[in-house]
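> I would like the atomic coordinates for the input below:
(4 chains)
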2 protein chains.
Amino acid sequence: MSLPHAILTALLEKPSSGLELTRRFDRSIGYFWSATHQQIYRELGRLEADGHIRALPTAQPARGQRKSYEVLEAGRAELARWTAASQDPKPYRDALLLRLRAAAVVGGTGIEPDLRRHLDLHQRQLAEYEAIEKRDFPPGRDTPQDRLQHLVLRAGIDLETFWTQWLSHALTEFTHLGDLADFDGHDDPDGPDGPDGTM
Amino acid sequence: MSLPHAILTALLEKPSSGLELTRRFDRSIGYFWSATHQQIYRELGRLEADGHIRALPTAQPARGQRKSYEVLEAGRAELARWTAASQDPKPYRDALLLRLRAAAVVGGTGIEPDLRRHLDLHQRQLAEYEAIEKRDFPPGRDTPQDRLQHLVLRAGIDLETFWTQWLSHALTEFTHLGDLADFDGHDDPDGPDGPDGTM
DNA sequence: CGGTTCATGTAACTAGTTACATGATTTT
DNA sequence: AAAATCATGTAACTAGTTACATGAACCG
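Residues are numbered from 1 along each chain as shown, chains lettered A, B, ... in the order given. Purely as a prediction, here's the structure:
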């Protein structure tokens, strides 16, 4: 149940309408908790029904009219509770690693273009994060809020750095593999009871 | 749609029953595509209906009787197709980073114990991966299959390394923050229109 | 023979995704 | 005034999670 809390955080930082939230999710919060506008509108409805947020009274609510929300005290309390509560990390899922493992079994040169594409995407994301760091976190400012937000951004930067490095390494491995003959994974020299191991 | 392909990969490596698959997901494939036994049984049913796998004829199918599956040619073809097909990375979601950002807004010392707990979990996972590397990938063996599987394992190791380092860094930040007075995020000295920035 | 574990499954629910609908505003 | 785009929303679907059910085997 993280989406409502992501929205509460965003609204505390700045009261917004559904569309503004959607845009902010695209370029800020969404970097580590993405959401589509459909999810956001649905969740705004629930948060309002629960008394965690309310529409700012200034704008009248009509279809096609923008409606801004602010967080109520109950919403802030709920967010603080959730932030401090212990949570297990959710099970990890990564399709690209899975595909690579599948490639080891059915033969793998086909992924190479997609590895290249992913490398490019991660490089762009890394560049974006670094630009944000340069712009929003100059050496001077040093409030606790700044420190925490910077910490989060550092996680993003380090993660993207990891992926670009790993993907580069994977691609060089692939060019080496290209040299080796008989790489289609079909004729298993070990037979069906080969070294399955654990990983 | 990755789960069926994760199962096909596992079954190609070694034909298994539902429970065996569940166990293997717990300690191998599940490291990067986790699944519960309920998901696995449901998916085995679908894969069989689609003609991608079949139950080994040896064991009779009765409730409480173990039933092993093997991959049919159609299943292998589907897996090869999926492996080579281009796929967009799925939107990233990380509750811990979100909570840290929330902590910057509502006040944050409450997360610290959970950061410690996560650090411990990641350290254990890292140790497990390193043990697997030592056991399954000694310097000698060097088939393309080995290379690919090792590459996947390296991703796991490097990811866990990143998390342990980042969490350690985050925790030292927190002890520094403890020194600073008035860290509850409630009294925003910038007012509601402070430096929202982009991140 | 009564309780625990093994093995397979069902049912209900929750979160996220995809496709589409509709009124308001702005542009040509 | 027609077309495009803005802003909010609905509906249907898919994947993943949680809770529970049931027969078989095994253990004291």
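> can you pull the contacts of the residue positioned nearest the centre of chain A?
Nearest to the mean C-alpha position of chain A, counting by C-alpha atoms, centre = their mean, stands residue A:32 at 3.5 Å. Residues in contact with residue A:32 (C-beta atoms under 8 Å, 6 or more residues apart in numbering or on different chains) are A:152, A:155, A:156, B:92, B:93, B:94, B:97, B:98, B:101. For glycine as for every other residue, the C-beta is placed from the backbone atoms N, C-alpha and C.
> Can you get me a residue count around the residue nearest to residue A:2 when sequence neighbours are not counted?
What sits nearest to residue A:2 in space, not counting adjacent residues and going by C-beta to C-beta, 6 or more residues apart in numbering or on different chains, is residue B:95, at 4.9 Å. Applying other C-beta atoms under 10 Å in any protein chain shown, we find 19 residues neighbouring residue B:95.
> right, and residue B:95 touches residue A:90 too?
Yes: between residue B:95 and residue A:90 there is a contact at 6.8 Å, judged by C-beta atoms under 8 Å.
> Now do the buried residues in the longest helix seen in chain A.
Of all the segments of type helix in chain A, defined by DSSP state H, the longest one is helix A:144-179. By 16 or more other C-beta atoms under 10 Å in any protein chain shown, the buried positions in helix A:144-179 come out as A:144-164, A:166-167, A:170, A:173-174, A:177.
> same thing with stretch A:119-126?
A:119, A:121, A:122, A:123, A:125, A:126.
> Tell me the one among the residues you listed nearest to DNA strand D.
DNA strand D has its nearest neighbour among the buried residues of stretch A:119-126 in residue A:121, at 20.6 Å by C-beta to the nearest atom of the strand.
> tell me the contacts of that closest one?
Counted by C-beta under 8 Å, 6+ apart, residue A:121 has contacts residue B:89.
> can you tell me the helix or strand for it?
helix A:112-136 (DSSP states H and E).
> and that helix, what's its mean pLDDT?
When pLDDT is averaged along helix A:112-136, the result is 96.
> got the angle for it vs helix A:144-179?
160 degrees (axes from the mean of the first three to the mean of the last three C-alpha atoms, to 10 degrees).
> Could you report the neighbour count for residue A:43?
So residue A:43, with other C-beta under 10 Å, has 20 neighbours.
> Return the distance of stretch A:100-111 from the chain's centre.
Here stretch A:100-111 is found 26 Å from its chain centre; the criterion is C-alpha atoms, centre = their mean, to the nearest Å.
> What residues of that stretch count as buried?
A:100, A:101, A:102, A:103, A:104, A:105, A:106, A:107, A:108, A:110, A:111.
> pretty sure the first one is touching residue A:109, no?
This means residue A:100. No: using C-beta under 8 Å as the test, residue A:100 is too far from residue A:109 to be in contact (11.9 Å).
> if I pick residue A:80, what's in contact with it?
So residue A:80 contacts B:106, B:107, B:110 (C-beta under 8 Å, 6+ apart).
> Chain A next: which of those are close?
Contacts with chain A within these, counted by C-beta under 8 Å from any C-beta of the partner chain: B:106, B:107, B:110.
> The first one and residue B:127, how far apart?
The spacing between residue B:106 and residue B:127, counted by C-beta to C-beta, to the nearest Å, is 35 Å.
> The last one now?
Between residue B:110 and residue B:127 the computed distance is 28 Å (C-beta to C-beta).
> Show the contacting residues for residue A:11.
So residue A:11 contacts A:21, A:53, A:69, A:70, A:71, A:75 (C-beta under 8 Å, 6+ apart).
> ah, wrong one, I meant residue A:3
Counting by C-beta under 8 Å, 6+ apart, residue A:3 has contacts A:33, A:35, A:39, A:43.
> pLDDT at it, what is it?
Reported pLDDT for residue A:3: 96.
> Include distance to residue B:16 when you put the contacts of residue A:80 into CSV, please.
As requested, these are arranged in CSV below (distance: C-beta to C-beta, whole Å):
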residue, distance to residue B:16
B:106, 47
B:107, 49
B:110, 44
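> circling back: what is the nearest of the buried residues of stretch A:119-126 to chain B?
residue A:121 (6.6 Å; C-beta to the nearest C-beta).
> what secondary structure does the residue nearest to residue A:48 when sequence neighbours are not counted sit in?
With C-beta to C-beta, 6+ apart as the criterion, residue A:48 has its nearest non-adjacent residue at 6.4 Å, and that residue is residue A:54. Under DSSP: H, G, I helix; E, B strand; the rest coil, residue A:54 falls in the strand class.
> Surely residue A:54 and residue A:67 touch.
No: Residue A:54 is not in contact with residue A:67 according to C-beta under 8 Å; the separation is 10.4 Å.
> Now do the same contact list for residue A:75.
Residue A:75 touches A:8, A:11, A:47, A:51, A:52, A:53, counting by C-beta under 8 Å, 6+ apart.
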